[in-house]
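S.K.: Generate coordinates for the sequence data below:
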Amino acid sequence: MGERADHAGRTPVRVAAGPAPALLMIGAGALMGFTMLAVLIGRSEGVGLVALPPAKPVAQLEFRAEDQVDGSIALRNVADQKIVAWIHPGEDGFLRGTLRGLAQARQRDGLGPEKPFSLTRYDDGRLALADEATGRRVPLEAFGPTNAGAFARLMPAAGAPATETR
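M.R.: Predicted structure coming up:
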């Protein structure tokens, strides 16, 4: 039991701690234990996890991003050395930002531009951008169809010849 003065600050009043705080602590601990157990069982059994079926690559483009003096970026196909696309300053913000992020990761790791970036289209329509130099992979569908479309235009449609965009 603790003592506490009344409002006027005169006579000490005895206050009983009682069993309520102890029961509250036991209940909170039991709730946390149950939550952690539920998460552990859910993870080990795969409950609530979404897994996409494996997809097969149907097209791939390996390219290098070459910075230009005017601030534009030339995307050059490694196979035939042709320019796949030009990214001019102020245009294609998602494409430019994604490639800049991958290039900065290379710089942080002390890597250069020798290895190309790889853009892969899968049979389920998904696109993935990979940087083999750093091992980073970007599933482009995670950013929505408009942003994925910025990269999709780099690859020719199935059966269509590659064209240079400028």
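S.K.: which stretch of helix or strand covers the closest residue to residue 77 other than its chain neighbours?
M.R.: The spatial neighbour of residue 77 that comes closest, neighbours along the chain excluded (C-beta to C-beta, 6 or more residues apart in numbering), is residue 84 at 5.1 Å. To be clear about C-beta, it is placed using only N, CA and C from the backbone, and glycine gets the same treatment. Residue 84 is part of strand 83-87 when elements are defined by DSSP states H and E.
S.K.: what comes up buried for the helix or strand following that strand?
M.R.: Toward the C-terminal end, the helix or strand that comes next after strand 83-87 (DSSP H and E) is helix 93-108. With burial defined by 16 or more other C-beta atoms under 10 Å, the residues of helix 93-108 counted as buried are 94, 95, 96, 98, 99, 102, 103, 106.
S.K.: what's the closest of the residues you listed to residue 35?
M.R.: Among those, residue 98 lies closest to residue 35 (C-beta to C-beta), at 37.0 Å.
S.K.: Which residue ranges make up the domains of the protein?
M.R.: By the assignment in automatic domain parsing, the chain contains the domains 2-45, 57-152.
S.K.: and those domains as TSV, adding distance to residue 51 and mean pLDDT?
M.R.: Supplementary listing: these in TSV, determined by distance: least, C-beta to C-beta, whole Å; pLDDT from 0 to 100:
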stretch	distance to residue 51	mean pLDDT
domain 2-45	13	77
domain 57-152	13	91
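S.K.: which one of the ones you listed is the most hemmed in?
M.R.: domain 57-152 (a mean of 15; mean count of other C-beta atoms under 10 Å).
S.K.: How far does that one sit from its chain's centre?
M.R.: 15 Å (C-alpha atoms, centre = their mean, to the nearest Å).
S.K.: pull the longest helix from the protein.
M.R.: Taking DSSP state H as the criterion, the chain has its longest helix at helix 20-45.
S.K.: Give the pairing partners of the helix or strand following that helix; include direction for each.
M.R.: Downstream of helix 20-45, the first helix or strand assigned by DSSP H and E is strand 57-67. Neighbouring strands of strand 57-67 in its sheet, by DSSP bridges, are strand 73-77 (antiparallel), strand 117-122 (antiparallel).
S.K.: contact partners of the last one?
M.R.: The contact list for strand 117-122 (C-beta atoms under 8 Å, 6 or more residues apart in numbering) reads 55-65, 99, 102, 127-132, 151-152, 154-155.
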